[in-house]
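J.: Kindly return the folded structure for what I paste below:
(4 chains)
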Number of protein chains: 2
Amino acid sequence: MDHSVRRQAMDRAAGPAAEAAGAAAPPSPTARAVSGSAGLCPVRVAAEVLTRPVRRRGKELESAIFAATLDQLTSGGYARLTMEGVAAAARTGKAALYRRWASKVELVIDALDSTLPRPHGIPDLGSARGELLQLIEVFAEAMNSSAGSALHALMGELSHQQAEVFKDFIVQRVIEPTKDTILDILRRGAERGDVRPDAATPMVADVVPAMFLYQVKICGRENVAPDYAVRMVDDVLVPLIRA
Amino acid sequence: MDHSVRRQAMDRAAGPAAEAAGAAAPPSPTARAVSGSAGLCPVRVAAEVLTRPVRRRGKELESAIFAATLDQLTSGGYARLTMEGVAAAARTGKAALYRRWASKVELVIDALDSTLPRPHGIPDLGSARGELLQLIEVFAEAMNSSAGSALHALMGELSHQQAEVFKDFIVQRVIEPTKDTILDILRRGAERGDVRPDAATPMVADVVPAMFLYQVKICGRENVAPDYAVRMVDDVLVPLIRA
DNA sequence: CTGTTTGTGAACGCAAGCGTTCCTTAAGGT
DNA sequence: ACCTTAAGGAACGCTTGCGTTCACAAACAG
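T.: Now for the predicted structure:
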């Protein structure tokens, strides 16, 4: 994500104002923040303000923005996510968002891409059941993360006409790697002998992401249940693929 | 859905205005519609206006409102659906909507409830495969309807905190009847001998709705493919449940 | 210290949508 | 024909959010 063009545009806009900087400094933002915190202990707030930096820059600010973005995605979905709301939740200004991201779409994809764990393959454990179980456990752990929750919310956008960019992201970033791993497991198991030879089909590989999608969407699990992996493997996957 | 309380409230508001109706009638709405249609053939438009009724009442108007609602749900999702947009698409006024429905939620649920086909069981066809195949075909046909498309869009709301009413509707109206039918088929097949005795579990029954959800959400099928039922039954369901 | 970069908060003009109200009149029933 | 009901269109005041701009100043680098 290259922000250099946008940064230059914002710099040109700020240039004349920087030259016009005046001599008298108004009250600092920190003092204003204290006066606005009527419901908090004034002593505590003042101590916090004096001991920690008030402004974040660069990566630290982006982390806060990403966290706010995922939170808004999770609680209200993509359509209700607003740049204004994200800026407020991250305690920053809209200008700081627009310096980096031209649109809501870019922000959301960047936030997810930066926080979702990277998929990796499952090693040969000697049995298809063991491998499928580890895969499902790893997948469940990812789905239980805040990025996973936000990803569920984003799936609500996939029905809509403007959703190609989200679909591409989810398919390439999450679904295809998972299916590739499943097909690897099945092919290995077929060679080993504990998987029936015709089990390694795309539709069989679809069952795992499908069941996860269903679990979070219909069964309403904010967190995938701890025994879900075992039950899914033993009730569905092993009967489906065994030799 | 009882509108009598709302209807009385709207009538009271309209009462004094009806009494104050004046003597001079301004130009009729139809004449205004003609003058606003600069891009159309004036002769054609005038002929249409004169030969078809301008106003719909009762069920006919509700049908138009429901169609507009489903269309907006499908194209933009629940969050982007607006009462104003539905009214405009149905060529009616907002007041006509609010006479009937207190909120967007009520409108959407009524629209879906009124247009979704009612589920019914699958008869004993002598083989679990045949029964599952018929079930999947019936289900696919329902999902290919406009109400089915709108239902997919509504599933995007299920991640959100205010979504209990939608989830209840979808689970009770669509998911549970489907699962009940599947479990019936599996139990019958187990007695008959072509289904393994421990196949009739809730998780196995989840596979069908899960695969459909996945199909429309991730694989991007606006219409479920014609051969999907056969492939799903033969690649996944029959290997999963057979004795 | 100076100069540059960038964060924070506020404000702007505009757009869209809400829920309500009002007026006119089409549609339906007697 | 008359009366009642309810539809259609417009307008209202209010709220929220957009994308942009600006002033001030914190943070950083040399």
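J.: Flag every buried residue along the lengthiest helix in chain A.
T.: Counting by DSSP state H, the longest helix found in chain A is helix A:58-80. The neighbour-count check on helix A:58-80 (16 or more other C-beta atoms under 10 Å in any protein chain shown) flags A:61-62, A:64-79 as buried. Every residue, glycine included, has its C-beta placed from N, CA and C.
J.: With stretch A:198-213 instead?
T.: A:199, A:200, A:204, A:205, A:206, A:207, A:208, A:209, A:210, A:211, A:212, A:213.
J.: elements contacting the helix or strand containing residue A:149?
T.: According to DSSP states H and E, residue A:149 maps onto helix A:146-155. Counting contacts by 3 or more C-beta pairs under 8 Å, 6 or more residues apart in numbering or on different chains; DSSP states H and E, helix A:146-155 packs against helix A:58-80, helix A:104-115, helix A:128-143, helix A:164-170, helix A:202-217.
J.: Pull out the buried positions in it.
T.: Those would be A:147, A:148, A:149, A:150, A:151, A:152, A:153, A:154, A:155, for helix A:146-155 by 16+ other C-beta under 10 Å.
J.: now stretch A:137-148
T.: Within stretch A:137-148, the residues that count as buried by 16+ other C-beta under 10 Å are A:137, A:138, A:139, A:140, A:142, A:143, A:144, A:147, A:148.
J.: so how many other residues sit close to the closest residue in space to the second one that isn't next to it in sequence?
T.: Setting aside the residues directly before and after it, residue A:138 is nearest to residue A:122 in space (C-beta to C-beta, 6 or more residues apart in numbering or on different chains), at 7.7 Å. In terms of burial, residue A:122 registers 18 neighbours under the definition other C-beta atoms under 10 Å in any protein chain shown.
J.: Residue A:122 reaches residue A:135, doesn't it?
T.: Yes: when contacts are counted by C-beta atoms under 8 Å, residue A:122 is listed as touching residue A:135 (5.1 Å).
J.: what's the overlap in contacts for those two?
T.: Taking C-beta atoms under 8 Å, 6 or more residues apart in numbering or on different chains as the criterion, residue A:122 and residue A:135 both touch A:181, A:185.
J.: so which residue of chain A comes closest to chain B?
T.: With C-beta to the nearest C-beta, the shortest gap between chain A and chain B falls at residue A:156, namely 2.4 Å.
J.: these two touch, right, residue A:152 and residue A:216?
T.: Yes: counting by C-beta under 8 Å, residue A:152 does reach residue A:216; the two are 4.8 Å apart.
J.: Kindly export stretch A:139-150 (C-alpha atoms) in CSV.
T.: These are the backbone C-alpha positions of stretch A:139-150, laid out as CSV (Å, rounded to 0.1, in the frame of the first residue of the first chain):
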residue,chain,number,x,y,z
PHE,A,139,-8.7,-22.6,11.6
ALA,A,140,-10.9,-22.3,14.7
GLU,A,141,-8.3,-20.4,16.5
ALA,A,142,-8.0,-18.0,13.6
MET,A,143,-11.8,-17.6,13.5
ASN,A,144,-11.9,-16.8,17.2
SER,A,145,-9.5,-13.9,16.8
SER,A,146,-10.8,-10.3,16.5
ALA,A,147,-9.7,-10.4,12.8
GLY,A,148,-11.8,-13.5,12.4
SER,A,149,-14.8,-11.9,13.9
ALA,A,150,-14.4,-8.9,11.5
